[in-house]
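1. Give me the fold of what follows.
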Amino acid sequence: MLKHSELHRDVRLQAAGAGNLTQGCRHWLALSSLVGTKAFLSGGTTQSFNRGFGQLLARPLNGILPERRPSSNGMTALKKFEKIESSGIWRADAMAQRRDVIVTLGDATLTLLDMQERVLAHWSIPAVARANHGEFPAIFHPDGDPEETLELADDSELMIEAIEELRKAVERRRPRPGRLRLTSAILMMAGIAAVAFFWLPSAVRQQTLTALPKVKQQQIGLQIIAAAARFTGKACQAAGPDMALARLSSRLFAEQPSSIVIVPSGLTDAVALPGNHYLVGRNLVEDFETPEVLAGYLLAADLRSGGPEETIRDLVASASFSETLKLLTTGSLPQSAADHYAEAVLSQDRLNVIDPAIIPAFAAAGVSARPYAYAVDVTGETTLHLIEADPTAGQTPNALLSDSAWVELQGICET
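-> Presented below is the predicted three-dimensional model:
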């Protein structure tokens, strides 16, 4: 048996599975001048280290040292060592005396033995913590029990390196439920954000369209007319002409009560607004001799807009998400949304409607298409198909307005 004084000067390298060193070999190694850690190698070789892990004094036999692959639990610290031994100082608790021990590092445990090589303690590598990282002597303790300590001096560098490498390997393989929870939370938040970004706006808009009553749509239309006054001026109004416009509206849009508003500027044709409202430029009543031209532009505006449902849909689509949400929850359209929509409607380019699809509208209202066709194209070349398809050709349709009512209407913006 080696003496205590010899233990600190002994570096033993033994092939794994070869048994204990012979007594003569042990004394030969004990007399050597090497200091530090004992390492038991795999592969039937003998090798010596001086103080540190990387300083080789003798190469493996045959010049080749087979590497040991990690065990199934990933606990091999240094691939080429089966076991590492070193000297250290162990204290069982805060009240116990410090005592010299032999420290053996295996695949999964750190074993502490007394000088008679009796086991004093077993430490599980995953439960080993270091109290003074980067300092010497290195102090290790079981995780959660800092009073039981093991000190390894700097001449046990190989042991220290091996323990640290094992601790890092264990930490890399340790399950991280917090990371899983964080990843799950991030994915959940991303899913919520995706729903909020892609699905929620369209769902809110659709719900708004479904929940918005006709009366509220008419109020919104009046709000837009008021907002448009910034660009068109105040709407032209007079008692007699207003009655004429009401009769014209009931003739053209019998199935949906509508209002026709004449504006003094900013508009040269007619546009349909939510709530069955129509804005009309004053030129359509002042520059033509018969009301059929005005009627044609109103029918064209209705066809261009796609009908009352589409006008309110366009309004909701042009509003921001917050404006739409406010409209849904309070029933009131934010003024900013009304202003934006009025400006967009008045500033957009509109093509004259000359599609044959407008003919049924003329037929339903009993209005001649010829005056509108010639108003769009005075030569009649581009609107010839409307002229030829005039539903009242060869007939004498009922007059839209009396001559006196039309004349009075022509002066609506002069009063």
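2. C-alpha coordinates for the longest strand belonging to the chain, PDB please?
-> Longest strand of the chain, by residue count under DSSP state E: strand 81-91. Output of strand 81-91 as PDB, limited to C-alpha atoms (Å, rounded to 0.1, in the frame of the first residue of the first chain):
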ATOM      1  CA  PHE A  81      -9.700   7.500 -20.200                       C
ATOM      2  CA  GLU A  82     -11.600   4.700 -18.500                       C
ATOM      3  CA  LYS A  83     -11.000   6.200 -15.100                       C
ATOM      4  CA  ILE A  84      -9.000   9.100 -13.600                       C
ATOM      5  CA  GLU A  85      -7.700   9.300 -10.000                       C
ATOM      6  CA  SER A  86      -6.300  12.200  -8.100                       C
ATOM      7  CA  SER A  87      -5.700  13.300  -4.500                       C
ATOM      8  CA  GLY A  88      -7.900  15.900  -2.800                       C
ATOM      9  CA  ILE A  89      -9.100  17.200   0.500                       C
ATOM     10  CA  TRP A  90     -12.700  16.400   1.500                       C
ATOM     11  CA  ARG A  91     -14.900  17.800   4.200                       C
END
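3. So which bits of the following helix or strand past that strand are buried?
-> Following strand 81-91 in sequence order, the next helix or strand is strand 99-105 (DSSP states H and E). Using 16 or more other CB atoms under 10 Å as the test for burial, strand 99-105 gives 101-105. C-betas here are computed from N, CA, C, even on glycine.
4. what helix or strand does Gly191 sit in?
-> Per DSSP H and E: helix 177-194 holds Gly191.
5. ok, then the element right after that helix?
-> helix 200-211.
6. Tabulate the CA atom coordinates of stretch 285-300 in PDB.
-> This file holds the C-alpha atoms of stretch 285-300, laid out as PDB (Å, rounded to 0.1, in the frame of the first residue of the first chain):
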ATOM      1  CA  VAL A 285     -78.600  70.000 -64.400                       C
ATOM      2  CA  GLU A 286     -77.300  73.300 -65.900                       C
ATOM      3  CA  ASP A 287     -75.800  72.200 -69.200                       C
ATOM      4  CA  PHE A 288     -78.500  69.900 -70.600                       C
ATOM      5  CA  GLU A 289     -82.000  70.600 -71.800                       C
ATOM      6  CA  THR A 290     -83.700  67.400 -70.500                       C
ATOM      7  CA  PRO A 291     -83.500  65.500 -67.200                       C
ATOM      8  CA  GLU A 292     -82.700  62.200 -69.100                       C
ATOM      9  CA  VAL A 293     -79.000  63.100 -69.100                       C
ATOM     10  CA  LEU A 294     -79.000  63.500 -65.400                       C
ATOM     11  CA  ALA A 295     -81.000  60.200 -65.100                       C
ATOM     12  CA  GLY A 296     -78.500  58.400 -67.300                       C
ATOM     13  CA  TYR A 297     -75.500  59.500 -65.100                       C
ATOM     14  CA  LEU A 298     -77.300  58.400 -62.000                       C
ATOM     15  CA  LEU A 299     -78.000  55.000 -63.400                       C
ATOM     16  CA  ALA A 300     -74.400  54.800 -64.500                       C
END
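7. Identify each buried residue in it, please.
-> 285, 288, 291-300.
8. Next: stretch 354-367.
-> Those buried within stretch 354-367 under the rule 16+ other CB under 10 Å are 354, 358-359, 361-362, 365, 367.
9. Of the residues you listed, which pair is most distant in space?
-> For the buried residues of stretch 354-367, the farthest-apart pair by CB to CB is Ile354 and Ala365; their separation is 17.5 Å.
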